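> Sequence and predicted structure, then a few things I'm wondering about:
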Amino acid sequence: MKKICFIVLLTALFGFSTKQLRNESDLVKTNKWFIAGPSIENEETLNAVRLQKEIIIVTAKDNPKGEIELNVTIKPSETNDGIAANLPDDSKYVEITYQSSQDIKLQAREGNAEGTGCVHGGSHPRVNLPASPKDYSTVKILWTDFRQDGRKDGKLLNIHNLCKFNFVNYNPVSGSVLKIKSVIVQL
């Protein structure tokens, strides 16, 4: 009986997940997503599937013209331009679980100087998410890996003024698919 009480006590004290202790947010589960470009899914169907199945799925139309851009704000927002998040100094990375038939550029968009909104065309340090057509991949991307225009000497991302992520397929081919199971950010 003492062992059972001890186990129950330990579970109560330490049974919280590290996700809860670190105050992480999975943007697939918590935030509305936005889409532009030649995809089969529109904003309404994208979010309906997200809410029902907790996954983002984007499929390129036949003979797509132009890029496909998938956006999610860091702080929940009903518009594509949210308020910038001021991530804590101990936030070191974003963790993404995805499957993609093509390479994807992940842009981290910074907010305006006042920290009151996103800036279209402003600073967007980025990284490459390599194609993973057969299996899901989980990657931890350090904030220090995000550099302006993806250049090694590019300006670093300012995590104290982070507005949103853009997942961009610059050259989609017919039927290409991007699936995202999670985008975990430490808040």
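Nice, I can see it. Model, not experiment: these values are computed from the prediction. Residues are numbered from 1 along each chain as shown.

> What segments of this structure are helices?
Assigned by DSSP state H, the helices in the chain fall at 2-14, 18-22, 27-30, 43-53.

> Out of those helices, which gets the lowest mean score?
Of all the helices of the chain, helix 2-14 carries the lowest average pLDDT, namely a mean of 45.

> Give the bridge partners for Ser25, please.
Beta bridges link Ser25 to Val185 when assigned by DSSP bridges.

> That one against Val185, yeah?
Yes. Using Cβ atoms under 8 Å, Ser25 is in contact with Val185, at 5.5 Å. (Glycine included, C-beta is placed from N, CA and C.)

> Those two: which has the busier surroundings?
Applying other Cβ atoms under 10 Å to Ser25 and Val185 shows that Val185 carries more neighbours, namely 23 against 18.

> mind listing what's buried in stretch 70-90?
By neighbour count with 16 or more other Cβ atoms under 10 Å, stretch 70-90 contains the buried residues 70-75, 77, 80-87.

> Could you count how many residues lie near Glu54?
12.

> can you check Val49 too?
15.

> Could I get the full set of strands for the protein?
Assigned by DSSP state E, the strands in the chain fall at 24-26, 33-36, 56-59, 68-73, 93-100, 104-110, 125-129, 132-142, 147-148, 162-169, 177-186.

> In a markdown table, list those along with mean pLDDT.
Output for those, formatted as a markdown table (pLDDT from 0 to 100):
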| stretch | mean pLDDT |
| --- | --- |
| strand 24-26 | 96 |
| strand 33-36 | 98 |
| strand 56-59 | 98 |
| strand 68-73 | 97 |
| strand 93-100 | 98 |
| strand 104-110 | 95 |
| strand 125-129 | 96 |
| strand 132-142 | 97 |
| strand 147-148 | 92 |
| strand 162-169 | 96 |
| strand 177-186 | 97 |
